[in-house]
Each structure stands twice: as structure tokens, then as C-alpha cells.
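Student: coords below, sequence missing:
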Ligand code: SF4
């Protein structure tokens, strides 16, 4: 069944925090806050365009601070969305928020209006990195909020960032381990993009900060993707969405329109290389069979995976075979 979320961006206008990387306007692509009527319209349009085929879909309030916005306004948005869940049109409502903006009372309220899934912006599990980037919460608060979300029966999503000020690739791996231990159902991984008008942007312009480059970030995130998926945790987003504002205000950073594909391609190369190491009987001329949907990832950007395999001494040919599972391969 087609799975199509209705995504509604709720920017946190007047947010009291000043996270080092945040340029809310550029990231969400809009500043105006949606009205309850807009929520109803968006859900109604999705319902009609999918001809009722929305039972797996959620109404998703994105923006990162849903439970920190003005309570009356928050409830008005939930009231607009709730009837679509109550009548079975949508499976539930998803919200994303800060770990320090979750408590039993809020969770009770969210449940009452049909919220089923909560994403917490953890970003890092290193208190030093959280402090340096002015997140205004601790790793302990992330863990406490995550446990509360799960024990109250919500689906838990966690978000982490790589390349923050003061962080390292090794630090991101540690963060990933600590987040996985909280047993989220899904993860979003956002490499830090340095935006104009942010503290990180100023640091970058003063030469005090550089984030990981694209190559370093792809290598890191390919490993994180593998790590989470190995534990049955879905990575539902890897990299920021494109938007005109992002492209306009981005000073530097490992942004790429097909970031996930780059990571999956590196992961495939690692798996193929490991398989070849374990099977030394395979000759230098090999045929790698992959699903047609995986073929470009297997070859790599500008055939870089084939070039890497050539360096290992293999003349590899990619053959498309619909019988092979996506993101898997067989080698002859
Ligand atoms: S990322 Fe930080 S500064 Fe930006 S809206 Fe969220 S809490 Fe506020």
C-alpha cells in the first residue's frame, strides 16, 4: 500500500534557544506558521488524491519543537488533524520535538489527539558537544525523554547530527551507539550543513570551524546506516532535504542531492569487498548481480565502485537481475 505522509512544517517562531546550526527559516523553507485550516486542507487534499489509500500514512508535524510552541496553538493544530485519525483516514499523527519538551502531561495530551509517533532531536549524546552547540539539553534528558516516549506506547524516532562543532567522526559513532541503546524504531541522520546567519556560519567565516567534508561524511554515514539497520532500526532520512533557501544560505557542508544513495553505494562496496576477501577462490573477472534498482549504487558515482574493485584486482561487471533483493548482490 502506498505510504504517503502529510508533512506540515511548524517553524518555532520565537524559539528561546539558539542552537549553533539553526537557521529555521532556511531549513524549513518557510517562516509562516500553518493555520488549523491549512492542516485540514492538506489532510483533505491527501485523502482525495490518494482516494482513501492513506491507511498507512501519518499526518506529520515537522519543525523540531512541536511541544514547545504556544500550547493553545499546538492544540488547535492537533484538533485540526485528530478527526482524520479518528475516522481511520490516517494511521496516526507524528510530531518532532526537543527532548526537554516532553513530560507525562504532554504525552497524555498528544495521545488524546491521536499522536502515535514522536521524534526527538537528540543531535548528540556528548554533553560537551551539546553544550558547545547550545542545544540547551543534556544527553541524560535525551535518554529520559526517549524512555518516557516508549513506555507510553508511542513509536520513537531519534535524530542525530554529524560534524557538529567540537564533534568528530568517532564521537558520532559513540552517539549512534548510545541512541541505538534507547531502542528507537527509526532514525534520521543529518550531516551538519553550515548556514549563513548561524553561529556555526560565523565560526566558519572566522576560520574557527570546518565540518566534515562530503567524502568523510559519506564514509561515516555509510557506517552509521549499516550499524542502525543491523539492529533493525530503520534509517528513514539521511541528509537534509533540498530547498531553494538551503541552497541560497548554505556556506559549506557535505550536502548532496543524492546523499543517501552515496552512502548506500559505499556500503555496497564495503560488503562486496568483504565478500571477495572471504571468497579468495573467486577469479579476477567477476559478475555482480543486483536488482535493477540497485545497479547505479553498485557501480558507484561515476563508476567509482568499479574503479575501487579494479584496484583490488577485480574486473567487475554489474548485471541487473530482478530476482536479487534490493541492496543485495550475488557474485559469480
Ligand atoms: S534547532 Fe534549536 S534554535 Fe532552532 S528552532 Fe529548534 S530549538 Fe530553536
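Tutor: That came through, no problem. Please read all numbers here as calculations on a predicted model, not as lab measurements.

Student: okay, CA-based contacts and neighbour counts for the rest of this
Tutor: Noted.

Student: The stretch 201-332 of the chain: strands as residue ranges?
Tutor: 234-238, 250-252, 285-290, 315-320, 330-331 (DSSP state E, counting those that start in this stretch).

Student: looking at the protein, which helix or strand does the model trust least?
Tutor: Using mean pLDDT, DSSP states H and E, the weakest-scoring helix or strand in the chain turns out to be helix 24-28, at a mean of 53.

Student: quick one on the thing from earlier: can I get the strands of the stretch 201-332 of the chain in TSV including mean neighbour count?
Tutor: Formatted as TSV, the strands of the stretch 201-332 of the chain follow (neighbours: other CA atoms under 10 Å):
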stretch	mean neighbour count
strand 234-238	18
strand 250-252	18
strand 285-290	18
strand 315-320	17
strand 330-331	16
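
Student: Out of the ones you listed, which is closest to the ligand?
Tutor: Closest of the strands of the stretch 201-332 of the chain to the ligand is strand 250-252, at 15.7 Å (criterion: CA to the nearest ligand atom).

Student: Go ahead and flag the most central residue of the protein.
Tutor: Centroid-nearest residue in the chain, with CA atoms, centre = their mean: residue 188, separated by 2.2 Å.

Student: Across the sheet, point out what pairs with that residue.
Tutor: Beta-bridge partners of residue 188, counted by DSSP bridges, are residue 159, residue 237.

Student: can you give me the strands in the stretch 1-150 of the chain?
Tutor: So, for the stretch 1-150 of the chain - with DSSP E, counting those that start in this stretch - the strands run 6-9, 58-62, 92-97, 115-123.

Student: Including mean pLDDT, could those go into TSV?
Tutor: Shown next, in TSV, are the strands of the stretch 1-150 of the chain (pLDDT from 0 to 100):
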stretch	mean pLDDT
strand 6-9	90
strand 58-62	93
strand 92-97	96
strand 115-123	97
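
Student: The residue nearest to the centre of the chain against residue 237, yeah?
Tutor: Yes: here residue 188 lies in contact with residue 237, judged by CA atoms under 8 Å, at a distance of 4.6 Å.

Student: ok, back up a step: dump the strands of the stretch 201-332 of the chain to TSV, plus distance to the ligand and mean pLDDT.
Tutor: Converted to TSV, the strands of the stretch 201-332 of the chain look like this (distance: least, CA to the nearest ligand atom, whole Å; pLDDT from 0 to 100):
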stretch	distance to the ligand	mean pLDDT
strand 234-238	17	97
strand 250-252	16	95
strand 285-290	40	95
strand 315-320	43	96
strand 330-331	43	95
